[in-house]
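S.K.: Build me a structure from this.
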Amino acid sequence: MFNGEIYNCPKNYASEAEFIHDLFLQHGFGYARYLDGEYAILVLDLRNNVVCASTDCFGTKPLFFGYKGNDFGFSSYRSALNSVGFSETKQISANTTIVYNLNNEGLNVFNVHTFDISQHSGNIEDWFSAFDNAVKKRIKHRRGIPFVGLSSGYDSGAITASLLSQDIPFCAISVNGQESQSILEERSYILAKRKISHSTIDANLIDRSHWKNWLHNNVENEEYFITDGEGQRLEVGKRIHDDPAALMLCSVCDLARQQDAYIYLSGSGADEVYGDYGHNGVKFARHSNFGGRFPDNLLGTFPWPSFFGSTQHAYLLKEEMVAGSFGLEARYPFLDTTAVQAFLNLSPKIKNSAYKAVIDAYLQNEKFPFEKNKKIGFSYPKQSRSVFKKILNMRK
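M.R.: Residues are numbered from 1 along each chain as shown. All right, here's what the predicted structure looks like:
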């Protein structure tokens, strides 16, 4: 059983499930290492009496485990496990395969993907190519057209620029609130010239009580576990239902459904991998790990807390739960393993040359307007929770 999308499934297969099945027969418990995709997978092998559960590299598709006595279960939602009597539940970590032997209750756990952390490359165009391919593969096997939640900043701007450069049909939805109106107007003009639908939601007119009720009735209220650079817990008791960004995402997803757009190309993961919520050693949020200044040697730094966990885990969970409540599928180009690998291999000089250096360079290369050196959170204009209120004007 599996949830998600497999991007390297050969065309001669009738389904991705058959491809997964054959990989399991060929490679055994290490089968997931040969998958390129976003997934949560459960294999029950009755010949060997084992259960094998796998999450993708960043755990984009949640997988929960519950147990009570000798009984256990897996589910995409914690509430499903609770409903059949499992009071002890936990989410399986990102980048994990768990093999459980039903005969002797032996348990083996190992990583799905391993990154090369040598910083040897001086060619930023390798990342450009990997990112374009990451966007392209994520519009395969789709219903309707994909959509982008378009801000005036880096991440959604890069996805939009890539879609435009590859002449891929899509629609864009913006929220008028804290965004730069001049940048949004420039972007809207470019989209109009290409005949791309661009809708705008007025943040002040969003019915907060309606979407709070929606969250309460339709969205799992998972807790956030956000840590600082030392791994110490920062957020205590904060949950999806308390997050203003979740309300905003509800209104965006609702409008996307009305436009028959079922694939959400999310910018999630860009801050965690490519920027670390800071630059040049200056932290713009308590959950920044090293102030966005990548060291000369990643050994001892990688993986930093938010690479797999902390905000990476929390915000992916929010996007999955909210988008899923509307029947939408979120996909994450910035978390493509090839793109992430291309970034990790770049020299520290390139990584540290600007805030979100590779995305900055990509947007400039595509001549797509963006609000440089600024990051604004997804929130209401009168209740700004931006973690970046500073415009950077720093030198090394």
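S.K.: Who are the contact partners of L363?
M.R.: 154, 157-158, 161, 369-370 (C-beta atoms under 8 Å, 6 or more residues apart in numbering). No exception for glycine: its C-beta is placed from N, CA and C like everyone else's.
S.K.: Of the residues you listed, which is the most crowded?
M.R.: A158 (29 neighbours; other C-beta atoms under 10 Å).
S.K.: The strand or helix carrying that residue - contacts with which helices or strands?
M.R.: For A158, the host element (DSSP states H and E) is helix 155-165. When contacts are defined as 3 or more C-beta pairs under 8 Å, 6 or more residues apart in numbering; DSSP states H and E, helix 155-165 sits against helix 125-137, strand 146-149, helix 181-193, helix 357-365.
S.K.: that older thread, save the contacts of L363 as CSV, and put in pLDDT and distance to A53 too.
M.R.: What follows is the contacts of L363, written out as CSV (pLDDT from 0 to 100; distance: C-beta to C-beta, whole Å):
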residue, pLDDT, distance to A53
Y154, 96, 35
G157, 97, 36
A158, 98, 33
A161, 98, 37
P369, 97, 44
F370, 93, 40
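S.K.: closest to K137 among those residues?
M.R.: For the contacts of L363, the minimum distance to K137 (C-beta to C-beta) is 15.7 Å, reached by A158.
S.K.: Report the contact partners of the closest one.
M.R.: Applying C-beta under 8 Å, 6+ apart, the residues contacting A158 are 131, 267, 270, 359, 362-363, 368.
S.K.: Try it again at 6 Å.
M.R.: 359, 362-363 (C-beta atoms under 6 Å, 6 or more residues apart in numbering).
S.K.: follow-up on the earlier one: list the buried residues for the helix or strand just after the helix holding A158?
M.R.: Later in the chain than helix 155-165, the nearest helix or strand by DSSP H and E is strand 171-176. Going by neighbour count (16 or more other C-beta atoms under 10 Å), the buried part of strand 171-176 is 171-175.
S.K.: Grab the nearest non-local neighbour of N49.
M.R.: Spatially, and ignoring its direct neighbours in sequence, N49 is nearest to L102 (4.5 Å; C-beta to C-beta, 6 or more residues apart in numbering).
S.K.: any idea of the pLDDT on the one you found?
M.R.: L102 is assigned 89 on the pLDDT scale.
S.K.: now swap in L255 and tell me
M.R.: On pLDDT, L255 comes in at 97.
S.K.: The residue nearest to N49: how many residues sit nearby?
M.R.: 14.
S.K.: how near is it to I41?
M.R.: 18 Å (C-beta to C-beta, to the nearest Å).
S.K.: One more: E272?
M.R.: 23 Å.
S.K.: Ok, L298 next?
M.R.: Taking C-beta to C-beta, one finds L298 at 29 Å from I41.
S.K.: The two - which one has more neighbours?
M.R.: Between L298 and I41, counted using other C-beta under 10 Å, I41 has the larger neighbour count: 25 against 18.
S.K.: who's that one bridged to?
M.R.: F2, S54 (DSSP bridges).
S.K.: Help me confirm that it comes into contact with A53.
M.R.: No: the pair I41 / A53 is not scored as a contact, 7.1 Å apart, by C-beta atoms under 6 Å.
S.K.: for P295, what are its contacts?
M.R.: Neighbour list for P295: T301 [criterion: C-beta under 6 Å, 6+ apart].
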